[in-house]
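Participant: Sequence plus the predicted model coming up.
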Amino acid sequence: MRVFLAGASGAIGRPLVPRLLAAGHEVTGMTRSEERAEQIREAGARAAVVDCFDREALRAAVSEAGAEVVLHELTALPERINFRDKQLYSATNRVRGEGTRNLMEAARAAGARRFICQSIAFLYEPTGGFVKTEEDATMKDAPAPFGEAIRILKQMERSVTSAEDLEGLVLRYGFFYGPGTHYAGDGAYATEVRRRRLPIVGEGTGVTSFIHVDDAADATVAAVSRGAPGVYNITDDEPAPMRDWVPVYAAAAGAKPPRRVPVWLARLVAGRPVAAFALELRGASNEKAKRELGWQPAHPSWRTGFADTLRA
């Protein structure tokens, strides 16, 4: 199939391009940079240098690609996540709002039949069980700046899954690790854990679902041709509380064991969202994706995945 990939030079876009090509698809990768466009071409795909906020240029690019499937993997997160920054999600919020509308409009104009969109698997309401399915409630009153990001994210998901003229799939990815991510050996979190600035907060009961970026790419390739419209959690097999995964990550990064800090100190130093996530975050089940997309993560657990990735 002819696939138009928006975000082809991002953390998931880079491993996704060669996997789409290997699956026999004809790929056009979108980026804003001519330098990155050349890297897309070197991988064997066509490249389109377009900004998602330029409606006419985007529409022309998707139509020129003859897209049958449009993949929306666009974000605009900074290299370092600082929850005290009130503008932390502003650029990504615009991408997920205005950018998604423009991309869906372009997909319709090109006659695409399927639209697949990136979302997150850590947006579930922090009540009840600690591992959630796609049917469970999402956050209602998340602390700023995460609250506005969640509101726009949910709006984006609704627009994709309710589209009558497109097969709309939303892939809720877990926290990415692997090359080019915040958890890579040269990423922001590896730097923090080596400085002993990634502590276990309080009892560390908040549950995180991870996904190796290559596994996320494999699941996305599967979604190009499989799966009914709807929402899918794309995570590994082992959602884990903070108190379990942080020491393993620290050891894999060659860092000293993490400190433990009280909740009040985490709120004071890092902000309310960090403390809330450390205690209340919910993980996500990948059973639906495995069943309906015919996908299995090659890295089923962060326990071995961290070590394999950080040694690479």
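Facilitator: Yep, that arrived. Numbers count the residues shown, from 1 in each chain.
Participant: any idea where the helices of the stretch 51-200 of the chain begin and end?
Facilitator: Under the criterion DSSP state H, counting those that start in this stretch, the stretch 51-200 of the chain contains helices at 55-64, 90-94, 100-110, 146-161, 188-194.
Participant: ranking these by burial, who's on top?
Facilitator: Counting by mean count of other C-beta atoms under 10 Å, helix 100-110 has the highest mean neighbour count of these, with a mean of 21. C-betas here are computed from N, CA, C, even on glycine.
Participant: List the contacts of that one.
Facilitator: 4, 6, 52-53, 55, 58-59, 61-63, 65-67, 70, 72, 74, 115, 117, 156, 159-160, 163, 165-166 (C-beta atoms under 8 Å, 6 or more residues apart in numbering).
Participant: what does stretch 234-241 give?
Facilitator: Applying C-beta under 8 Å, 6+ apart, the set of residues contacting stretch 234-241 from outside is 121, 130-131, 171-174, 204-212, 215-216, 219-220, 283-286, 289, 297, 299-303, 305.
Participant: 6 Å instead?
Facilitator: Outside of stretch 234-241, the residues that reach it under the criterion C-beta atoms under 6 Å, 6 or more residues apart in numbering are 121, 131, 171, 173-174, 204-205, 207, 209-211, 216, 219, 283-284, 286, 289, 297, 300-301.
Participant: List only buried entries from those.
Facilitator: For the contacts of stretch 234-241, burial is judged from neighbour counts taken by 16 or more other C-beta atoms under 10 Å, and it is met by 121, 131, 171, 173-174, 204, 207, 209-211, 216, 219, 283-284, 286, 289, 297, 301.
Participant: Check the offset of the helix or strand encompassing Met30 from the chain's centre.
Facilitator: Secondary structure here is read from DSSP states H and E; on that basis Met30 sits in strand 26-31. Its chain's C-alpha centre lies 19 Å from the corresponding centre of strand 26-31 when counted by C-alpha atoms, centre = their mean, to the nearest Å.
Participant: other SSEs contacting that strand?
Facilitator: Strand 26-31 sits against strand 2-6, helix 13-22, strand 46-49, with contacts defined as 3 or more C-beta pairs under 6 Å, 6 or more residues apart in numbering; DSSP states H and E.
Participant: my read: Cys117 touches Thr161, true?
Facilitator: No: because the distance of 8.8 Å does not satisfy C-beta atoms under 6 Å, Cys117 is recorded as not touching Thr161.
Participant: Give the residues shared as contacts by the two.
Facilitator: Common neighbours of Cys117 and Thr161, using C-beta under 6 Å, 6+ apart, are Val170.
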